[in-house]
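> Quick one, fold the following:
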Amino acid sequence: MNTFAKISLLICFCLTIVGCNRDPTSAAGFRLPDGDADAGREAFLYMQCNQCHTIKGLELPVIPLADPPYVELGGNVTYVKTYGELVTSIINPSHKLATGYAADRVSVDGESNMYVYNRFMTVQELIDLVAFLQSHYDVVPPQFDYRIYPR
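Take a look at the predicted model:
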């Protein structure tokens, strides 16, 4: 066997070994069951998410004596809001803070102002809430304004 074949075989073997070893914190293989968007809407209102959030194109009840909602969810986006992103946003809101809003409206010292419902929300409510939110995002191609330069 020539040297090139031996090196190629060794590289393939190493890649196979590395590929079989998953990171213990990997989300690979994680999947919750499908949720019910109607039940998710009820969970959204029950947990008073509409105190701070609006849903693009959806009329939600106003909460008396609350500040107007300031973080809009849903609408047209240029990339898919994945299941994992939405679950993470709900159960770990400080992981990625909302962009495009005044920092003091969404966080204090880098921690999200969003209430953490992890001890009160059931898994079914989480699943349904994600189904509800996903149904309100529409992926659209990004709009670019191309400059035309004179020749």
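> gap between the closest residue to residue 60 other than its chain neighbours and residue 64?
In space, not counting the residues next to it along the chain, residue 60 is nearest to residue 50; the distance is 4.4 Å by C-beta to C-beta, 6 or more residues apart in numbering. Every residue, glycine included, has its C-beta placed from N, CA and C. Look at residue 50 and residue 64: by C-beta to C-beta, to the nearest Å, they are 12 Å apart.
> out of those two, which sits in the busier spot?
Neighbours were counted for residue 50 and for residue 64 using other C-beta atoms under 10 Å; residue 50 has more, 17 against 5.
> Spell out the secondary structure type for the more buried one.
Following DSSP: H, G, I helix; E, B strand; the rest coil, we place residue 50 in the helix state.
> in the host helix or strand of residue 130, what counts as buried?
With secondary structure defined by DSSP states H and E, residue 130 is part of helix 123-134. Of the residues in helix 123-134, 125, 126, 127, 128, 129, 130, 131, 132, 133, 134 count as buried by neighbour count, 16 or more other C-beta atoms under 10 Å.
> Looking at these, which is nearest residue 80?
When those are compared for distance to residue 80 (C-beta to C-beta), residue 134 wins out at 9.2 Å.
> What residues does the closest one make contact with?
If a contact means C-beta atoms under 8 Å, 6 or more residues apart in numbering, then residue 134 has 37, 81, 83, 86 as its contacts.
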